[in-house]
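**Student:** for reference, the sequence and a predicted model appear below.
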Amino acid sequence: MAKASSTESGNSKQTGAGDGSPPKGEEDFALRSLQETLEKDRRFKASEEQLMHFYEQMLLIRRFEEKAGQLYGLGLIGGFCHLYIGQEAVAIGLQSALDNDRDSVITGYRDHGHMLAYGIDPNIIMAELTGRAAGISKGKGGSMHMFSTEHKFYGGHGIVGAQVALGGGLALAHQYNDDGGLCLAYFGDGAANQGQVYETMNMAALWNLPIVFVVENNQYAMGTSVKRSSAETEFYRRGTAFRIPGMDVNGMDVLEVRQAAEIAFKHVREGNGPVLMECNTYRYRGHSMSDPAKYRTREEVQGQREKNDPIERAKKDLADAGIEEDKLKEIDKEIRARIAEAADFAESSPEPEPAELYTDVLVEEY
């Protein structure tokens, strides 16, 4: 549910010591500079090939999550399961702009889409959801705790907001190792009120860390509207006290998200410190599979699907570029078949051996 952009600017100054020297921090600090750059040209100029790739990747996430919902209903996925349906443009728009050889990503427990956005095999993600030994965390992480050091994807975290502080640590590692990488740290509107988020922002600003904080604002957290839970609902402003520039982005438009990523990542890579980006998006399903989502109307959800769907927007962009409907239908057919294959792989894969309970556990050795 994208919000209208604001264009106000902010300056921050500190007083001097009274000795005639220039006040510390006298220079103007434009907290809105990145937003103003975005507003000059809001959408990424994607080639036909790039746009098709974005469309395919978002559709892959959508079909994967729909199948995961079905498997949960059949009892093949246990525990918690948080679907990413509706939010696909955020992960694809941002992660398509990363340098996968250097950059790191960390997120909360709505993490399937982020892993798929990395191009990780749907088979091993679905196997993890179903608790199979072939899963990316050997079946021991499940839906909420996926992890891949190979892809520099550091979770998948079940404690609300905890991943932000860990993201600060990843950014510090990038800085310490001087590897040129940045950390992309996702959190939701519900986590935005956690104290550790602001402790991390303060430290990241003090140390000029290479990190992009991303609020995936899907409007309802675990089931409470942001208007009822947050005094300041414009989350991109939350970094103002720490001199972190904010960006207000339509998270239902993959080309706008990608354009924002280009601007933010350039800012960070040039040594200018952290950025706070708010991607306004909307989840079509409940917070988790156990959430009936009675706190909003069916009409509201349907309105988002009909007027604001990120995949339909990309589909229209492709049609405007001359791509025929039949080709898009064929792509959808192929992706459905690929996801069915992933589900079959997961269902036919063995569960972990009982002895696996004792592996990857730290006991009395440090």
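**Tutor:** It's in.
**Student:** can you list the buried residues in stretch 130-145?
**Tutor:** 130-132, 134-145 (16 or more other C-beta atoms under 10 Å). All C-beta atoms are positioned from the backbone trio N, CA, C, and that covers glycine.
**Student:** same deal with stretch 233-245?
**Tutor:** For stretch 233-245, by 16+ other C-beta under 10 Å, it's 233, 235-240, 242-245.
**Student:** what's around Asn217, how many residues?
**Tutor:** 31 (other C-beta atoms under 10 Å).
**Student:** correction: the previous question concerned His82.
**Tutor:** 23.
**Student:** begin at 49 from now on, thanks
**Tutor:** Taking 49 as the first residue, the last one we looked at is His130.
**Student:** quick check: Asp365 touching Met100?
**Tutor:** No: using C-beta atoms under 8 Å, Asp365 is not in contact with Met100, being 10.0 Å away.
**Student:** farthest pair in the buried residues of stretch 281-293?
**Tutor:** Thr281 and Arg291 (21.3 Å; C-beta to C-beta).
**Student:** now the helices for the chain?
**Tutor:** 81-88, 96-121, 136-143, 160-165, 170-177, 210-225, 243-254, 274-277, 302-317, 346-356, 358-368, 373-396 (DSSP state H).
**Student:** please identify the deepest-packed of those.
**Tutor:** Mean neighbour count (mean count of other C-beta atoms under 10 Å) peaks for helix 136-143 among the helices of the chain, with a mean of 29.
**Student:** which strands and helices lie in contact with that one?
**Tutor:** Judged by 3 or more C-beta pairs under 8 Å, 6 or more residues apart in numbering; DSSP states H and E, helix 136-143 is in contact with helix 96-121, helix 160-165, strand 259-265, helix 302-317, helix 358-368.
**Student:** can I get these in JSON lines with distance to Tyr406 and mean pLDDT?
**Tutor:** Shown next, in JSON lines, are the helices and strands packed on helix 136-143 (distance: least, C-beta to C-beta, whole Å; pLDDT from 0 to 100):
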{"stretch": "helix 96-121", "distance to Tyr406": "28", "mean pLDDT": "97"}
{"stretch": "helix 160-165", "distance to Tyr406": "26", "mean pLDDT": "94"}
{"stretch": "strand 259-265", "distance to Tyr406": "35", "mean pLDDT": "97"}
{"stretch": "helix 302-317", "distance to Tyr406": "41", "mean pLDDT": "98"}
{"stretch": "helix 358-368", "distance to Tyr406": "43", "mean pLDDT": "96"}
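**Student:** mind checking these for the one nearest to Asp226?
**Tutor:** Of those, the one closest to Asp226 (C-beta to C-beta) turns out to be helix 302-317, at 12.6 Å.
**Student:** so Gln242 touches Gln211, yeah?
**Tutor:** No: using C-beta under 8 Å as the test, Gln242 is too far from Gln211 to be in contact (10.4 Å).
**Student:** of the helices of the chain, which approaches Arg331 most closely?
**Tutor:** Comparison of the helices of the chain against Arg331 by C-beta to C-beta identifies helix 346-356 as nearest, at 9.2 Å.
**Student:** I'd like the helices of the chain written out as JSON lines, with distance to Gly127 added.
**Tutor:** Output for the helices of the chain, formatted as JSON lines (distance: least, C-beta to C-beta, whole Å):
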{"stretch": "helix 81-88", "distance to Gly127": "39"}
{"stretch": "helix 96-121", "distance to Gly127": "9"}
{"stretch": "helix 136-143", "distance to Gly127": "22"}
{"stretch": "helix 160-165", "distance to Gly127": "14"}
{"stretch": "helix 170-177", "distance to Gly127": "9"}
{"stretch": "helix 210-225", "distance to Gly127": "18"}
{"stretch": "helix 243-254", "distance to Gly127": "24"}
{"stretch": "helix 274-277", "distance to Gly127": "25"}
{"stretch": "helix 302-317", "distance to Gly127": "30"}
{"stretch": "helix 346-356", "distance to Gly127": "25"}
{"stretch": "helix 358-368", "distance to Gly127": "28"}
{"stretch": "helix 373-396", "distance to Gly127": "15"}
